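Peer 1: no sequence for this one, just the structure:
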């Protein structure tokens, strides 16, 4: 959420420039937390007068609020402290995953204001039922949001599959094929809350949104280009290039779980053979450690416990998955040249055994010594971000990028 | 060279807007070939008066020229025909490859105006010698350019290796390590032509520049996101995302030749094992067809001849390389989700045998039916673009993006 560069497109007229500058000022205040008009002017490089006029519009539209006076001794408005409003536009993120639904509401500052998670198995139910379930949970968070005077401006769905144009093309672990997820969710929500104006609904792959959350709220520091992998029942992936998701030509980029490890290997749900998922997915890991491959979250906890106490089979299973991850990652690093590779999902807690094996492969196979041993470029994900928070923050980011577009909606 | 979107960065003031609009008008005339002020105004969405003022500045600075009158019956300047000047700023592209040097001079319209290629083996010579050789060849083209009243504003080097920050980190087939190529070239050129103002020298991986040439001058049509592979002694690669090179965090993206095919395979020059280059590089191809692997260009021509007349061993060698290419490409497509994969270099003439085998692997291994059989998304490169032309056009592109920055240089 730190992009200071927004394209103005081909035609740069006065109105476009003003909208651009409104966004610039709003983001400057958001980044500072608290700011004065003079501070904003210094930061963005516009005149004090221009900033005052832009701030006035942002105050009137409810994006900023001001409070108290500064200690500078100057009287009146120019010396007051500006903040992004706590009681204003908000984003709703709805992660619908295999065995849980998690909804969060994030305000303009990026703070997680409401969170509701229900552990519930979504396999076996029809897509429309699962999405209606998501809408019910989201509707509950809307009540909490209203009590906090937050004004949701949009919903972003995070879904475990190939998502494009509002549709889930395929989500193998849910058994979904060509599901119009946005429409189904929007209809369900409108039926539950006919009193509310219709909220625009967007959708995105959950690994992509988890990667954005890692970027915005995780511990990556200045790193802006990275590969993100999430180990779950499937192995999801995302590529972030200079702070932006790389979606590819059709929105399906990042499917690292289906990169071939062994062309003659076991059949994969995707129809190919020997995909990474068959060697480093949750089921493969549990199976090779001698644990029931359908044991889910408790099974992964058991695997970690066994590895921690030195159980040879458990350690070998995780290390072997690390070798396979490292091989596939070395190819991905040669292709994409990221600053870092971040491992999330079940991999995060298995890093002590996974990471050395994967790092060794990377060092051996990335070209030209570009991956020195123990460089720290392979790391576990942070716990500060998840797909639901990334989803909600993505909605907020759109507001920050062009607040004018949201004035009418929030005025309702 | 069709990017209509240029970021204005954080602060959009009057001067920035004017520079942006000058670029917009110049590119509009370049795209049209011939244009009137009214036509440009309609195309870019600025007022006629604004366009006239911008055109005046571009005429005065020598970026545009005008000729004759239109048949519209309107008298005077506003009705005359505008073109980008033929006798103005130009870019110089210098491709230094394993066994040839090719230099070309491209004018503002993208036309190849001077071309000088020398077939010469660059292996065995010191890097400084090879770069001085490139500078000598470039100096010859400068004479031809001067006769055509072209004013070169910069040199772009195309080099077969990992290039970043003016330095070749590694070019294994030339035996180069950490060679300050830009400095060495610039010094050599300055010694040859002390009478000329110093030309800025940039450098880039040759596969990257060949990919840009394919984008700008090839037959990709509306496709803007693709993977480009070039089969040579090494296997080079480039990723183009929405019309822009994807360079990665350090400028080394696209090294598809060193993606692992078989973790236990033969040692590669890069230090890893079983890289794609060991299965689909020129030497491997020739060897497995029973041709001397050091036979170079004539060897590849012989391979094609044999395949064409149905020699079983030659056909099998190319098909097997196609299978290996297809496996690695399927992983790259799963990761990057391109519109197309373009095969250049020696692969172009081997497509009849290479392509079906590679396409079969792609169909089997790309997720979710995203690579239908015979989709035409795997294609040979066109002959219209090469790395030298891409390099020269990249220099010109910088002029088109901000002509004001080049006014003083071209005024000399």
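Peer 2: The structure has been received and is ready for your questions. Computed from a predicted model, the values in this text were never measured in an experiment.

Peer 1: where's residue A:250 relative to residue A:163, distance?
Peer 2: 10 Å (C-beta to C-beta, to the nearest Å). Glycine gets a C-beta too; all of them are placed from N, C-alpha and C.

Peer 1: can you list the residues of the stretch 301-412 of chain A near chain B?
Peer 2: For the stretch 301-412 of chain A, the contact set with chain B under C-beta under 8 Å from any C-beta of the partner chain comprises A:327-328, A:330-332, A:334-339, A:364-368, A:370.

Peer 1: let's see it at 10 Å
Peer 2: A:323-324, A:326-328, A:330-340, A:361, A:363-370, A:377 (C-beta under 10 Å from any C-beta of the partner chain).

Peer 1: Just those: which are in strands?
Peer 2: residue A:340 (DSSP state E).

Peer 1: List buried residues within the residues of the stretch 301-412 of chain A next to chain B.
Peer 2: When those are checked for burial by 16 or more other C-beta atoms under 10 Å in any protein chain shown, the buried set is A:323-324, A:326-328, A:330-340, A:361, A:363-368, A:370, A:377.

Peer 1: Would you quantify the distance from the nearest residue to residue A:323 once chain neighbours are set aside to residue A:177?
Peer 2: Among residues not flanking residue A:323 along the chain, residue A:357 sits closest, at 5.0 Å (C-beta to C-beta, 6 or more residues apart in numbering or on different chains). Residue A:357 sits 36 Å away from residue A:177, going by C-beta to C-beta.

Peer 1: who has more neighbours, those two?
Peer 2: residue A:357 (18 against 14; other C-beta atoms under 10 Å in any protein chain shown).

Peer 1: Would you verify that the more buried one is located in a helix?
Peer 2: Yes: checked against DSSP: H, G, I helix; E, B strand; the rest coil, residue A:357 lies within a helix.

Peer 1: wouldn't residue A:67 be in contact with residue A:80 here?
Peer 2: Yes: the criterion here is C-beta atoms under 10 Å, and residue A:67 meets it with residue A:80 at 6.7 Å.

Peer 1: And those two? Which one has more around it.
Peer 2: Neighbour count, other C-beta under 10 Å: between residue A:67 and residue A:80, residue A:80 has more, with 17 against 9.

Peer 1: Up against chain B, what does the stretch 101-250 of chain A have?
Peer 2: A:161-162, A:164, A:169-172, A:177, A:223-227, A:237, A:239, A:241-242, A:246-250.

Peer 1: So which of those belong to strands?
Peer 2: Here DSSP E is the test, and those give A:162, A:164, A:169-171, A:177, A:226-227, A:237, A:239, A:241 as lying in strands.

Peer 1: Which strands and helices lie in contact with the host helix or strand of residue A:82?
Peer 2: Using DSSP states H and E, residue A:82 sits within strand A:81-84. Applying 3 or more C-beta pairs under 10 Å, 6 or more residues apart in numbering or on different chains; DSSP states H and E, we find strand A:81-84 packed against helix A:14-32, helix A:37-44, helix A:48-60, strand A:64-67, helix A:387-401.

Peer 1: mean confidence for the helix or strand following that strand?
Peer 2: For strand A:81-84, the following helix or strand on the C-terminal side (DSSP H and E) is strand A:89-96. For strand A:89-96, mean pLDDT is 96.

Peer 1: and if you look at stretch A:259-274?
Peer 2: pLDDT averaged over stretch A:259-274 gives 91.

Peer 1: which parts of that stretch are buried?
Peer 2: A:259-263, A:268-274.

Peer 1: With stretch A:274-290 instead?
Peer 2: By 16+ other C-beta under 10 Å, the buried positions in stretch A:274-290 come out as A:274-286, A:288-289.

Peer 1: Also stretch A:134-147?
Peer 2: By neighbour count on 16+ other C-beta under 10 Å, the buried set for stretch A:134-147 is A:134-135, A:137-139, A:141-142, A:145.

Peer 1: about what we covered before: so of the buried residues of stretch A:259-274, which ones are in strands?
Peer 2: Filtering the buried residues of stretch A:259-274 for strands - DSSP E - leaves nothing at all.

Peer 1: returning to that earlier point: quick one, grab the pLDDT at the residue nearest to residue A:323.
Peer 2: 97.

Peer 1: Next up, the contacts around it.
Peer 2: Going by C-beta atoms under 10 Å, 6 or more residues apart in numbering or on different chains, residue A:357 touches A:318-326.

Peer 1: now do residue A:276
Peer 2: With C-beta under 10 Å, 6+ apart, residue A:276 has these contacts: A:229, A:235, A:237, A:255-262, A:265, A:268, A:284, A:321, A:324-325, A:327-329, B:331, B:334.

Peer 1: Try it again at 8 Å.
Peer 2: Applying C-beta atoms under 8 Å, 6 or more residues apart in numbering or on different chains, we find residue A:276 in contact with A:235, A:256-261, A:324-325, A:328.

Peer 1: Would you reformat those residues as TSV and include distance to residue B:189?
Peer 2: Listed next are these as TSV, based on distance: C-beta to C-beta, whole Å:
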residue	distance to residue B:189
A:235	51
A:256	44
A:257	50
A:258	49
A:259	44
A:260	46
A:261	48
A:324	49
A:325	47
A:328	44
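
Peer 1: Tell me which of those fall in helices.
Peer 2: Members of the contacts of residue A:276 lying in helices (criterion: DSSP state H): A:324-325, A:328.

Peer 1: hey, where'd the strands end up in the stretch 101-250 of chain A?
Peer 2: With DSSP state E, counting those that start in this stretch as the criterion, the stretch 101-250 of chain A has strands at A:112-119, A:151-159, A:162-164, A:167-171, A:176-179, A:201-205, A:226-231, A:235-241, A:244-245.

Peer 1: Name whatever forms a beta bridge with the closest residue to chain B within the stretch 51-200 of chain A.
Peer 2: Nearest residue of the stretch 51-200 of chain A to chain B, counting by C-beta to the nearest C-beta: residue A:170, 4.3 Å away. Beta-bridge pairing of residue A:170 under DSSP bridges involves residue A:162, residue A:177.

Peer 1: In this structure it contacts residue B:370, no?
Peer 2: No: applying C-beta atoms under 8 Å, one finds residue A:170 not in contact with residue B:370, separated by 9.3 Å.

Peer 1: Common neighbours of those two, please.
Peer 2: residue A:162.

Peer 1: residue contacts, the one residue in the stretch 251-400 of chain A that gets nearest to chain B?
Peer 2: Nearest residue of the stretch 251-400 of chain A to chain B, counting by C-beta to the nearest C-beta: residue A:337, 2.5 Å away. By C-beta under 8 Å, 6+ apart, the contact list for residue A:337 reads A:225, A:370, B:247-255.

Peer 1: Now with 10 Å, please.
Peer 2: Listed by C-beta under 10 Å, 6+ apart, the contact set of residue A:337 reads A:225, A:241, A:366-367, A:370, B:162, B:164, B:239, B:246-255.

Peer 1: Only whichever of those are buried, select them in PyMOL.
Peer 2: With 16+ other C-beta under 10 Å as the criterion, this PyMOL line picks the buried residues out of the contacts of residue A:337:
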select buried, (chain A and resi 225+241+366+367+370) or (chain B and resi 162+164+239+246+247+248+249+251+252+253+254+255)
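
Peer 1: Residue A:130 contacts residue A:120, doesn't it?
Peer 2: Yes: using C-beta under 10 Å, residue A:130 makes contact with residue A:120 at a distance of 9.2 Å.

Peer 1: Quickly list what's touching both of those two.
Peer 2: Common neighbours of residue A:130 and residue A:120 (C-beta under 10 Å, 6+ apart) are A:96, A:101.

Peer 1: of those two, who's got more company?
Peer 2: Between residue A:130 and residue A:120, counted using other C-beta under 10 Å, the more crowded position is residue A:130 (24 against 14).

Peer 1: On the pLDDT front, check the more buried one for me.
Peer 2: For residue A:130, the model assigns a pLDDT of 97.

Peer 1: What is the burial count for the spatially closest residue to it that is not a sequence neighbour?
Peer 2: Of all residues not flanking residue A:130 in the chain, residue A:122 sits nearest, at 4.8 Å (C-beta to C-beta, 6+ apart). Residues near residue A:122, counting by other C-beta under 10 Å, number 23.
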